[in-house]
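**Q** Need the 3D shape of this:
(chains A, B and C)
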Amino acid sequence: MSGRRHSAIAGLAAWADAVRHDKRAAAGAWIIGFFILLAVFGPLIVNDPNELVGMPLQPPSAEHLLGTTGQGQDVLAQLVVGTRSSLLIGFSVGLTVVFVGALIGVTAGYLGGRVDAVLSLLFNVFLVIPGLPLAIVIAAYLPAGPLTIGFVLVIAGWAWNARVLRAQTLAHRNRDFVSAAIVAGESNWRIVTAEILPNMTSLLVSQVIGGTVYAIGAQVGLEFLGLGDVSAVTWGTNLYWAQNDSALLTGAWWTFAPTGLCVALVGFGLTMLNSGFDEITNPRLRLQRAWRAYLIKRGERPGRSTPVVAAGEDHA
Amino acid sequence: MRYLLKRIGFYLLAAWVALTLNFFLPRLMPGDPATALFARFKGTLGPEALEALRETFGLTDAPLIIQYFTYLGHVLQGDLGISVAYYPSPVLDVISSGLVWTILLAGTAVIVSFIIGSLLGVAAAWWRFGRIDTIMPPLSALLGAFPYFWLAMVALYIFGFQLGWFPLGHAYGDGVTPGFNFAFIADVVRHAFLPVGTVVIATIGGWLLTMRNTMVSVLGMDYVNLARAKGLSPTRVALRYAARNALLPSVTGFGMSLGFVLGGSLLTEIVFSYPGQGYLLVQAVRSQDYALMQGIFLIITFAVLGANFLVDLVQLWLDPRIREATS
Amino acid sequence: MRARLGQAALPVMLAALLVALATVSLTGCGQEREPLPEGVLVVSQEQQASWIRNFNPLTTASSVRWPTLAGIYEPLYVFNSVKSEFVPWLAVGYEWREHNRVLRMTTRDGVRWSDGQPFSARDVVFTFELMREHAALDRRGAWDFLEDVRLINDNTVEFRFERVFVLGFGEIAAQLIVPEHVWADIEDPVAHPNENPVATGPFTEVRLFRNQVFELGKNPYYWQEGRPAFDAIRMPALPSNDRANLALVFDEIDWAGNFVPAIDRVFVDRAPESHAYWFPLTGSTIFLYTNTVREPFDDIRVRKALSLAIDRELMIDVAVFRYSRPADPTALSDGFASWRDSTAIAANDWVGFDLERANALLDEAGYARGEDGFRVDAEGERLTFEVLTVSGWSDWVRAAQVISRGYAEIGIDASVRTYDFGAWFQRVQEGDFDMTLGWSYEGPTPYTFYYWLMASETVEPVGEIAPGNWHRHGSARADSILTAFEGEADPDGQKHLAALLQRTFVAEAPAIPLYPNPSWAEFNIGRFEGFPTAENPYADPSPNKFDRGECLLVLTNLVPRSRAADEASAGE
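**A** Numbering: from 1, shown residues only, chains lettered A, B, ... in the order given. Coordinates of the predicted model:
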């Protein structure tokens, strides 16, 4: 029991460590923190984003900091309120794809044999079926709304996580502590939840982050096509309306530029968080960093020389 | 050979899964697409004509399993049904006119992005902690975080609309006659420049990072050091010795990313009104033309499967281990 | 040192490659934008991602290419909606007989099909017989009132009516005629794509058909001497309104019927000497329909109050870029200007903006304000409604927002709800709504307009599909006037009956008129002259007005600038 908690905590601690020690991870954390605050408190500050506040397509001014949309709504209010639903759907889908991926990937990796063969085949097939067209086709049959968007994104996105987690599970299954647990006669369920999953905590977090990046991007794309609930205020529908209200033709860059920048910033922040974390936890990259720091300290230019590291299981 | 057969089997299986999904989706989903379909024709077609239509669209009352095999049979004969929005044109006719453009756009974008990204990745690893290595990865991560279609909108706005350097859409000028001549090809390049460019910018980061990371590992290996020690030129060591082996993970990812890039390029097509499948798909969805929508999905899937198979062939050529294991 | 150089070289090489590619693509054609060819009219009307070849003028089930209905096939009479008159086309005269039960039409002599065969009254009879045989081809429902169609001689057709229905003339007149010698052999005329049309119109020869563009050349046998004055029409496939507008702004289009936002700034100011538009208010009238079978909309005082709470001037500003004007009390668009009745307008007490009166009417109707300022019904329930519009139709969405804002002022909680077109139309037709925006139906006379607003026979029960009269208002008073209208062939008599309909509309307030829709039309007058304008309003200027052949008036009247200049210099 304590082992499970310990490894889970260790996994999370590695993250905290990354944010503390890696510049990139720290920058990512700041960006994401800002957007989370914006999502939580922003809608309380700005006005009703659907309200008609003035003439349509007004450029940014003191009154409307980011101008008005083609419907005469305040772009800033729409952007802020959109943050909440976009991040909510993004993180929920990120969590769900990892959950589904873990369910299938870990089952396949742990049980092995025929189950593994069938499940692996399944996610490999889903990996080669193009995701966005599949999502569009399914979404077309369902009522438009956040649930539909979330559902189709999970369908189109779980396979990658399953594949990675299966590989990781395979690696863990042959470790001593798992073998010990099997010998001790512990149930499969317990071994998976108490021994294997906690040891993958940091990977799972990294996958959730990756899944969220995917979900936000794909969600914005689907909503841009008008497959979301177009009367809701989200980043994707903001872009849909910008396009719909001839943003290009009328030169109303303020109706689409801020939203796109926010989507990119969130995606960038999450990616930085992930890669900074990778830099900290990946033994090879970590060793290289140390080596480089050492060289710089000694006043030498770090060149192309790379310390040789024994091949580990870092890229499963 | 066994390896190839196995892969072919896998793709056939994937195609079958896509077909089956395609068959069951409309039948499993809430609501009745058939009703929506006939609502369009109400008042314009007599009951007999409607009945005939039902049959053309495969909406009979036959047991599901029979319908399923009828459907498979039709698809195998290249019959994807009839488009409602373009009635009476068969879906295949509607799709076929634009397929080549979608493949051209997505294919070019993937290949260009792969080449540039991998080269930059090799450079970043070779001059580790150098300028390329410090600037490019975060920059490409930032660019990669922008939605493709958003970059497309911005590019269209700046380079097409404001500066007027590039055309605003279509695959070639309306006045140009398609053919194998310089004017036409140049025109196609001109029209494809912005759409391909935006997809390349958005996807280059992935290749760069993968290549950089594997390259870093490979560069630390003994045989590379040996090659260096032998005094071979750095370019030769970097490209012939290190990069060729570091390429493997990227090539594996290449197949996987095809579907992904294709999805994104469909959105880009829409922004540039490129005459591929992108807008057609959206139009099919909006007009509830389910047959057309599913036909497009199927064709896109088949195209991606085919491309993946090609990637397998390349991999076979690159990786002697697979060759040896199977010969 | 070598390493440093190399590191700098790679980006430079990539940049060079990029520049080289860009140069190829920029200079490949010698110039940035190729000019449009002389004598080819580029039209943007349908919004399609790619063209499918279908020129079947009769089928309703399919999407046929615009020229099929606008310039390939021709009707018996063209209806000029600006002048409100029928222009003889394939027919040159008509006569009512047997107490308006029989209509005889005389067809034009000397007309040839585009394959050289002569056109005659036989083709007219054949077309109508084909429509009788295949109901799906009868897009105007002519056989709803026709009993028989007979050939009297080679240039006379007789239409026998089932009942007296003088207005049926408009539907017969608008029927596009197909050649018997071609269509007699077609097995399934409903599904026939008619890829190579044989027709009487000005443009019949498919010169080019690709998925992103097609071109139609002149009919070699066109019956109007010296017309059309240009060689071809070209249709580029433009998938969206936005994309079509971009093409328009960049001189890639000569004639379009798009909604263009802020058109003076976006379009005209870019090239004032060649970019022009004319938006006459001859489109359908946009209404706010209330579901009159539901409480409280069954109360005329409530409907009037709802109308008085709408600031139509603000709506014109915000929703339609000042392209229109507030609806007048008759709700008729400018296409019916000559039919307007001053007595009806004087009697108006509900089409306008007067919050005070709106509040008074609601108080009188018994909907008092609750503590929160919102009005409640008899059960104490707050009046909460949804105003439906179609998602993506941003003018409607904005108009609905103005409405919702006005209703908050009179204590009614009305939220805007957008639906996808299909879902919206389903709800509206089935009567599943409180309030919705909607369009009106127009015919050659105000009859059609008021028929779909007030005729009892158009009222369907809630849950059944109603093609019009979605607000479900039936008026006995209107019914008798409409019946009289159907049998009235005399223009003055028609005008009197139309006045009575207008007065009935003002008295009963069945639906709330908002503004007449403009007919969208943008032109490149630098390349072609002869488009209808406010100064020369010889026809409706929009390519969207193809339904009764009006585009033919424009197509046969346009002259390329270059040729016009030649003729002018030759005349000197």
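**Q** do the helix or strand harbouring A:Q207 and chain B meet?
**A** A:Q207 belongs to helix A:201-224 when elements are defined using DSSP states H and E. Yes - remark: helix A:201-224 sits within contact range of chain B at A:V213, A:G217, A:V220, A:G221, A:F224, by CB under 8 Å from any CB of the partner chain. All C-beta spots, glycine's among them, are computed from the backbone N, C-alpha and C.
**Q** Which of those residues ranks first by neighbour count?
**A** A:V220 (31 neighbours; other CB atoms under 10 Å in any protein chain shown).
**Q** give the contact list for it.
**A** A:V220 makes contact with A:S86, A:W235, A:G236, A:L239, A:V263, B:P147, B:W150, according to CB atoms under 8 Å, 6 or more residues apart in numbering or on different chains.
**Q** Please flag which of those sit within helices.
**A** A:S86, A:W235, A:G236, A:L239, A:V263, B:W150 (DSSP state H).
**Q** Identify, from those, the entry nearest to C:L151.
**A** Taking CB to CB as the measure, C:L151 lies nearest A:L239 of the ones in helices among the contacts of A:V220, at 60.1 Å.
**Q** Which residue, other than its chain neighbours, is closest to that closest one?
**A** With CB to CB, 6 or more residues apart in numbering or on different chains as the criterion, A:L239 has its nearest non-adjacent residue at 4.9 Å, and that residue is A:F224.
**Q** list the contacts for the one you found?
**A** Applying CB under 8 Å, 6+ apart to A:F224 gives the contacts A:G236, A:L239, A:Y240, A:Q243, B:P147, B:F149, B:L267.
**Q** pLDDT at it, what is it?
**A** The score at A:F224 is 89. That number is its pLDDT.
**Q** cool, and A:G312?
**A** A:G312 is given a pLDDT of 37.
**Q** what's the answer for A:A290, then?
**A** For A:A290, pLDDT reads 68.
**Q** and the gap between the closest residue to chain B within the stretch 401-550 of chain C and C:T436?
**A** Residue of the stretch 401-550 of chain C nearest chain B, by CB to the nearest CB: C:G422 (5.8 Å). Counting by CB to CB, to the nearest Å, the separation of C:G422 from C:T436 is 14 Å.
**Q** C:A256 now?
**A** The spacing between C:A256 and C:T436, counted by CB to CB, is 29 Å.
**Q** Regarding A:G251, what are the backbone dihedral angles?
**A** Here the main-chain torsion angles of A:G251 (degrees, to the nearest 10) amount to phi 70, psi 20.
**Q** what residues are up against the residue in the stretch 51-200 of chain B that chain A sits nearest to?
**A** In the stretch 51-200 of chain B, the residue that lies nearest chain A is B:A145 (3.1 Å; CB to the nearest CB). Counting by CB under 8 Å, 6+ apart, B:A145 touches A:V213, A:G217, A:V263, A:A264, A:L265, A:V266, A:G267, A:F268, A:T271.
**Q** Let me know how buried the third one is, in neighbour terms.
**A** For A:V263, the neighbour count with other CB under 10 Å is 26.
**Q** Name the SS class of C:I286, please.
**A** Under DSSP: H, G, I helix; E, B strand; the rest coil, C:I286 falls in the strand class.
**Q** So the closest residue to it other than its chain neighbours, which state does it fall into?
**A** Using CB to CB, 6+ apart and skipping residues adjacent in sequence, the residue nearest C:I286 is C:L514, 4.7 Å away. With three-state DSSP as the basis, C:L514 sits in strand.
**Q** Kindly report the same for A:H172.
**A** Put simply, A:H172 is helix when judged by three-state DSSP.
**Q** which residues sit in contact with it?
**A** For A:H172, the contacting residues are A:V178, A:E195, A:I196, A:N199, A:M200, by CB under 8 Å, 6+ apart.
**Q** now swap in C:Y515 and tell me
**A** Contacts of C:Y515 (CB under 8 Å, 6+ apart): C:T285, C:I286, C:R312, C:M315, C:I316, C:V320, C:S324, C:R325, C:P326, C:A327.
**Q** Restricted to strands, list these.
**A** The members of the contacts of C:Y515 that map onto strands under DSSP state E are C:T285, C:I286.
**Q** nearest to A:L122, of the contacts of C:Y515?
**A** The closest of the contacts of C:Y515 to A:L122 turns out to be C:I286 (CB to CB; 52.3 Å).
**Q** what number of residues lie near that closest one?
**A** C:I286 has 25 neighbours, counted by other CB under 10 Å.
**Q** Assess the claim that it and C:P518 are in contact.
**A** No - using CB atoms under 8 Å, C:I286 is not in contact with C:P518; the gap is 10.6 Å.
**Q** Give me the distance between the residue of the stretch 401-550 of chain C closest to chain B and C:T448.
**A** C:G422 is 25 Å from C:T448, by CB to CB.
**Q** for A:T96, same thing?
**A** A:T96 sits 54 Å away from C:T448, going by CB to CB.
**Q** neighbour count winner among those two?
**A** Neighbours per residue (other CB under 10 Å) separate A:T96 from C:T448, with A:T96 holding more: 20 against 17.
**Q** tell me the contacts of the more buried one?
**A** A:T96 makes contacts with A:G150, A:V154, A:W158, as judged by CB under 8 Å, 6+ apart.
**Q** What are the neighbouring residues in contact with the residue nearest to C:I286?
**A** C:L514 makes contact with C:T285, C:I286, C:F287, C:L288, C:I310, C:R312, C:M315, C:P326, C:A327, C:A399, C:L437, according to CB under 8 Å, 6+ apart.
**Q** Pull the number of nearby residues for the fourth one.
**A** The reference is to C:L288. Look at C:L288: counted by other CB under 10 Å, it has 21 neighbours.
**Q** my read: it touches C:A309, true?
**A** No - the criterion here is CB under 8 Å, and C:L288 misses it with C:A309 at 10.5 Å.
**Q** Give the bridge partners for the closest residue to chain A within the stretch 451-572 of chain C, please.
**A** Proximity of the stretch 451-572 of chain C to chain A (CB to the nearest CB) peaks at C:E522, 12.4 Å away. Under the criterion DSSP bridges, C:E522 forms beta bridges with C:A256, C:Y277.
**Q** wait, what's in contact with it?
**A** Going by CB under 8 Å, 6+ apart, C:E522 touches C:L248, C:I253, C:W255, C:A256, C:G257, C:N258, C:V260, C:I263, C:F267, C:H275, C:A276, C:Y277.
**Q** distance of the fourth one from chain B?
**A** Spelled out, that is C:A256. Distance from C:A256 to chain B, counting by CB to the nearest CB, to the nearest Å: 15 Å.
**Q** swap in the second one?
**A** Here the criterion is CB to the nearest CB. By it, C:I253 lies 11 Å from chain B.
**Q** and that residue, what helix or strand is that in?
**A** C:I253 is part of no helix or strand, with elements assigned from DSSP H and E.
**Q** so who does it touch?
**A** So C:I253 contacts C:V42, C:V43, C:S44, C:P236, C:A244, C:A247, C:E522, C:N524 (CB under 8 Å, 6+ apart).
**Q** Ok, the first one next?
**A** With contact taken as CB under 8 Å, 6+ apart, C:L248 is in contact with C:S44, C:A256, C:N258, C:V260, C:F267, C:E522.
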